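A.B. asks: Requesting a structural model of the entry that follows:
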Amino acid sequence: MLILTVAGWVTFSALIAKSIFIGGLVSNICFGWLKRDLTGLLNGSASPSKIKFIFRYYLRLAVVVMVLYCLIKLQMVHTVGLVLGLSTVIIGISITAIAEAKKTGLMLT
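C.D. replies: Okay, here's the model as predicted:
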């Protein structure tokens, strides 16, 4: 996220860099909440925990949508920078998966 933020600032503008940073922050916070909820769900096998997980999932989704809507509507961020920032978790997971696949020999170079 930091590399993309700095690259956006050097290459484009401070607004793009701010948008990438905010998108990455929202994405990482949401991913952390999801990790916490999934850990709780997988540790307990009771049915109410599944309902609680589903409720929290949709609540988290609604909060993220509202935050993103407000940021875009109030023109506080650049949309392309925001989308790039929101992609940081996926980019990080992809890089890690490719590195592990190469290390274990599952991927031909």
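
A.B. asks: can you pull the contacts of residue 37?
C.D. replies: Each residue near residue 37 by C-beta atoms under 8 Å, 6 or more residues apart in numbering is listed here: 53, 56, 57, 60. Bear in mind the C-beta positions are built from the backbone N, C-alpha and C, glycine included.

A.B. asks: Likewise for residue 53?
C.D. replies: Taking C-beta under 8 Å, 6+ apart as the criterion, residue 53 is in contact with 37, 38, 40, 41.

A.B. asks: Among the residues you listed, which lie within helices?
C.D. replies: Among those, DSSP state H puts 37, 38, 40, 41 in helices.

A.B. asks: Spatially nearest residue to the last one (excluding sequence neighbours)?
C.D. replies: Taking C-beta to C-beta, 6 or more residues apart in numbering as the measure, residue 41 lies nearest to residue 53, with 4.5 Å between them; neighbours along the chain are not counted.
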